[in-house]
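Trainee: Generate coordinates for the sequence data below:
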Amino acid sequence: MKNLIQKLPKAELHLHIEGTLEPKLMFRLAKKNKIKIPFKTVAEVKEAYNFNSLQSFLDIYYAGATVLIKEQDFFELTWEYLLTCKEQNIVHTEIMFDPQTHTSRGVKFETVINGISRALEKAKNELEISSFLIMSFLRHLSQKEAFETLKEAEPFKNKIIAVGLDSSELGNPPSKFKEVFEEAKKQSYKLVAHAGEEGDASYIWEAINLLHVDRIDHGIRCDEDEKLLEYLKQNKIPLTVCPLSNTKLKAVKSMKNHNILKLLKKGLHVMVNSDDPAYFGGYLNENYEALVKDLNMNEDELKKLIQNSFDASFLEGKIS
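Mentor: Sure thing, here's the model as predicted:
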């Protein structure tokens, strides 16, 4: 199965580019940009990656992002991920980025998006990897600040296919961002939102009914609500599930307890993604391998999950 996972062309729809910041690159950029980080060795960084919640992860995630200052930094970050895509036979990726993480530190929006976009263009030409960019709002900040970010994005609309919603879920329900998502839809963006990772099933309902999203990111707590399960199935709403992330952040007790294959068997449109792979112990192939190891995923299930990824993508011509 490991060989088959490697061999099959794959798509990834839930990937935070800031979450691909490997410790070695973090140290290199910190030194180059003269940024002080709270770690002395790569081993010390990895030791800090023992998270007990989404918030404990986010604290380190935002600390790591401080080393990203210049356009070239964002290019290098993105290019390293794309090289991994090539290694793992990921032929299409839809990458999320968090501009507010950077603009709040004085880094210009254009610096962020131009660095990322340059790498995406290079990968298209040299690696034959197609990609789209998703701009995510930080939900622990205000809707007013999200509107400001949407305004900042206007000159770069041709580089962004969708807007999303991420960061601290609990206490920041989708309803908090109803109006900014309405405006994004008017501007012809596709819509996605994190829901049902730590938040309960009501967060998923809000993302569907109030934000009118095209996809739910995570969504694993949908099984708490039978009506929601049926709705997701009947409407074929994609759930971009991230198995290693869910176990690392304690959203799921262990991989053996993960519900992704149960949801697949119920007919839900689920797929596998890596989320923040530098922090969660594996990129896309490692997530698939974990499902084989702990859930005895078979070949048919593997192929269906991969097919779902292409079907749920924002590619105009779906791969059949």
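
Trainee: alpha carbons only for contacts and neighbour counts from here, please
Mentor: Will do.

Trainee: State the number of residues packed around Arg105.
Mentor: 12 (other C-alpha atoms under 10 Å).

Trainee: The stretch 1-150 of the chain: helices as residue ranges?
Mentor: 2-7, 23-32, 42-48, 54-65, 71-87, 99-103, 109-126, 143-152 (DSSP state H, counting those that start in this stretch).

Trainee: so the longest one versus helix 71-87, what angle?
Mentor: Taking axes from the mean of the first three to the mean of the last three C-alpha atoms, to 10 degrees, one finds that helix 109-126 is oriented at 30 degrees with respect to helix 71-87.

Trainee: quick one, helix 109-126 and helix 143-152 angle?
Mentor: Using the same axes, to 10 degrees: helix 109-126 against helix 143-152 is 60 degrees.

Trainee: Can you give the contact residues for helix 109-126?
Mentor: With contact meaning C-alpha atoms under 8 Å, 6 or more residues apart in numbering, helix 109-126 is reached by 70-79, 82, 99, 102-103, 129-131, 152-153, 159.

Trainee: coming back round to it: nearest to Leu268, of the helices of the stretch 1-150 of the chain?
Mentor: Proximity to Leu268, assessed across the helices of the stretch 1-150 of the chain by C-alpha to C-alpha, is greatest for helix 2-7 (21.4 Å).

Trainee: Need the residue in the protein that's farthest from the chain's center.
Mentor: Lys34 (28.5 Å; C-alpha atoms, centre = their mean).

Trainee: do you know how far it is from Gly64?
Mentor: 13 Å (C-alpha to C-alpha, to the nearest Å).

Trainee: Let me have the helices of the stretch 1-150 of the chain in TSV, extended by mean pLDDT and mean neighbour count.
Mentor: Output for those, formatted as TSV (pLDDT from 0 to 100; neighbours: other C-alpha atoms under 10 Å):
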stretch	mean pLDDT	mean neighbour count
helix 2-7	98	13
helix 23-32	92	17
helix 42-48	82	14
helix 54-65	84	16
helix 71-87	98	19
helix 99-103	97	19
helix 109-126	98	18
helix 143-152	98	16
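
Trainee: and of the ones you listed, who's closest to Tyr231?
Mentor: helix 54-65 (27.1 Å).

Trainee: tilt between that closest one and helix 23-32?
Mentor: Using the same axes, to 10 degrees: helix 54-65 against helix 23-32 is 50 degrees.

Trainee: And the residue farthest from the centre of the chain, its phi and psi?
Mentor: phi 50, psi 50 (degrees, to the nearest 10).

Trainee: and it, what does it touch?
Mentor: No contacts exist for Lys34 under C-alpha under 8 Å, 6+ apart.

Trainee: heads up, I number from 63, so please use that
Mentor: All right, first residue 63 from here; so that's Lys96.

Trainee: how much space between the residue lying closest to Lys148 once chain neighbours are set aside and Glu138?
Mentor: For Lys148, ignoring the flanking residues on the chain, the nearest one in space by C-alpha to C-alpha, 6 or more residues apart in numbering is Leu189 at 6.7 Å. For Leu189, the distance to Glu138 (C-alpha to C-alpha) stands at 15 Å.

Trainee: same question, Asn297
Mentor: Counting by C-alpha to C-alpha, the gap from Asn297 to Glu138 is 39 Å.

Trainee: How about Pro235?
Mentor: From Pro235 to Glu138 the distance is 33 Å (C-alpha to C-alpha).

Trainee: and if you look at Lys366?
Mentor: Look at Lys366 and Glu138: by C-alpha to C-alpha, they are 33 Å apart.

Trainee: where does this protein dip in pLDDT?
Mentor: 379-382 (pLDDT under 70).

Trainee: swap the cut-off to 50 and go again
Mentor: Scanning the chain for pLDDT under 50 picks out 381-382.
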